[in-house]
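Trainee: this one's structure only:
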């Protein structure tokens, strides 16, 4: 029986590239595996897969009775809806430890680094399996995406060394230029429905019983949002109501200015003040230096809602 | 600030030896660490530490405000009572994934092998740190204990290779003889209060809202229990009531006959029938081939209580 290797809902490049890279590794060491995904590819991920010649992993939402290897999270809310009926055989992740549990022993490769693909590279090294050039390419792009080309505070020296090693395997001379090309693809928001933008990189978190949805859009210049910010905010209100959420947040991240404008709709009007020491005005607040949802946005929010 | 490396409540040899071995490794790579313990040493563990010249780790039960590296479990019920006020920086474990969660990224080295110390050996290899002979000795003994000298179904080829490598480092020619010596120490129950015996290797599990306590005594010959079995059973009844538990189980494991007599007191009279396909008679049932609480006792019980 094959193991399905699958990332989180609303997959990002780390989830998709990680599933492909890990499924290849597992097949090489004799564990039959299939890369899968829980949702549509983002434009960035589609760009990466096309560049290195990969098809999208199998779209599959139900895993009852299957064996599953989880990539890039350990949270029930981000897992397949019927994960409770599946057997989790492994987790590779770089986030806080979530609420997934199992009834049998498993392997967990969890490290406080910038990207799951950095850990998957460690797994290749551990098993002594050579990384094909095209797989090195997508792994490298996933790390450049998650670490915002090394600018994110989540980026570690392990991530940088890993990108350098993968670039050599992939035969990419200027990986930073490729990273910028990737973020330009990511910055193209014109003509995309607002709901698709809010959902592009979106995660729900269970914070002490409060459901909090947090989206993030990373772009090269925040001016791309000037004409649609009101529409985005109206959609946050709608999504908060539809999901019965306590709060809906959208981070508009300027990777060149290295900060984020946070749009927020919440049952708790003082939330940004308590979490980030800055009150929101009309549901907006600029957070200087904030690039990372995982490291800079989620933990203080979790504290504030504890 | 130092990180406390600590195993589970009612520590076994894996918890104690693992804490010492991991704290040493972390100190070698520049992360100041202190081995700690949540309870008394078992006679087996005391024998191991004395043999290789170690003191018991620091006895410490409160960790509020501290950084903690967890060894040999990922369960709230087995962690320090105030773990919620500590920061978990890492977990090394070989059990099912439990209900510990964190609010910040961490490292988890979790593998489906027979012993946490086998994984700690992988961590030494990953960091390229040499294992001192006396630390190799206690790690080796912990693996021999957890795998019942390779007889347990939890034992993997990784555990066997690891023991062989550690025996060479420790300069132990006949590690199986040392293992038997260790189990003879473990088999000495005469003169020990029954409560101490039930608690010697005891874990509480939260199974779908039901609190289930499971103790295990591994001996060379079950006849050592002939005169005290009724007292042990009376104490199971007492512990079930005291802890408000759904069930109390005690595994009397015969490592030579390779099976366990299960003593059980439960709110559910059909539990062993549903979990193991064999009804208990007067709260007793022989489970042939059952040596492992983790692999053979807990998962079917969890299924039966799902």
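Mentor: Sure thing, it's come through. If you're wondering where the values come from, they're calculated on a predicted model, not measured in any experiment.

Trainee: got the contact list for residue A:78?
Mentor: Residue A:78 sits next to A:8, A:9, A:98, A:203, A:204 when contact means C-beta atoms under 8 Å, 6 or more residues apart in numbering or on different chains. Every C-beta, even on glycine, is put in place using the N, C-alpha and C of the backbone.

Trainee: can you check residue A:104 too?
Mentor: Contact partners of residue A:104, counting by C-beta under 8 Å, 6+ apart, are A:87, B:96, B:112, B:295, B:299.

Trainee: Just flag the most distant two among the residues you listed.
Mentor: A:87 and B:295 (14.1 Å; C-beta to C-beta).

Trainee: Look at the two and report which has more neighbours.
Mentor: Between residue A:87 and residue B:295, counting by other C-beta atoms under 10 Å in any protein chain shown, residue B:295 is the more crowded of the two (20 against 16).

Trainee: tell me how far stretch A:13-24 is from the chain's mean position?
Mentor: Here stretch A:13-24 is found 12 Å from its chain centre; the criterion is C-alpha atoms, centre = their mean, to the nearest Å.

Trainee: meant to ask about stretch A:278-293, not that
Mentor: 20 Å.

Trainee: Contacts for it, please.
Mentor: With C-beta under 8 Å, 6+ apart as the criterion, stretch A:278-293 contacts A:148, A:151-154, A:203, A:214, A:216, A:218, A:233, A:236, A:251, A:253, A:255, A:258-265, A:270-273, A:276, A:296-297.

Trainee: Please identify the helix or strand for residue A:20.
Mentor: helix A:13-28 (DSSP states H and E).

Trainee: partner strands of the helix or strand that that helix is followed by, parallel or antiparallel?
Mentor: Next in sequence after helix A:13-28, counting helices and strands by DSSP H and E, comes strand A:33-37. Applying DSSP bridges to the sheet, strand A:33-37 is found paired with strand A:3-6 (parallel), strand A:58-59 (parallel).

Trainee: Give me the angle between strand A:33-37 and helix A:13-28.
Mentor: 170 degrees (axes from the mean of the first three to the mean of the last three C-alpha atoms, to 10 degrees).

Trainee: Helix or strand next in line after strand A:33-37, which one?
Mentor: Using DSSP H and E, the helix or strand that follows strand A:33-37 in sequence is helix A:43-52.

Trainee: quick one: pLDDT of the closest residue in space to residue A:67 that isn't next to it in sequence?
Mentor: Distance criterion C-beta to C-beta, 6 or more residues apart in numbering or on different chains; nearest residue to residue A:67, sequence neighbours excluded, is residue A:3 at 4.5 Å. Per-residue pLDDT puts residue A:3 at 98.

Trainee: so who does residue A:3 touch?
Mentor: Going by C-beta under 8 Å, 6+ apart, the list of residues near residue A:3 reads A:26, A:31, A:32, A:33, A:34, A:66, A:67, A:68, A:69, A:89, A:90.

Trainee: Next, count neighbours for the closest residue to the first one other than its chain neighbours.
Mentor: If I follow you right, that is residue A:26. Nearest residue to residue A:26 in three dimensions, chain neighbours excluded: residue A:33, at 3.9 Å (C-beta to C-beta, 6+ apart). Neighbourhood size, residue A:33 [other C-beta under 10 Å]: 21.

Trainee: what are the bridge partners for residue A:33, then?
Mentor: residue A:3.

Trainee: which other helices and strands contact the host helix or strand of residue A:181?
Mentor: Per DSSP H and E: residue A:181 is located in helix A:175-187. With contacts taken as 3 or more C-beta pairs under 8 Å, 6 or more residues apart in numbering or on different chains; DSSP states H and E, helix A:175-187 sits against helix A:43-52, helix A:133-146, helix A:157-170, strand A:210-219.
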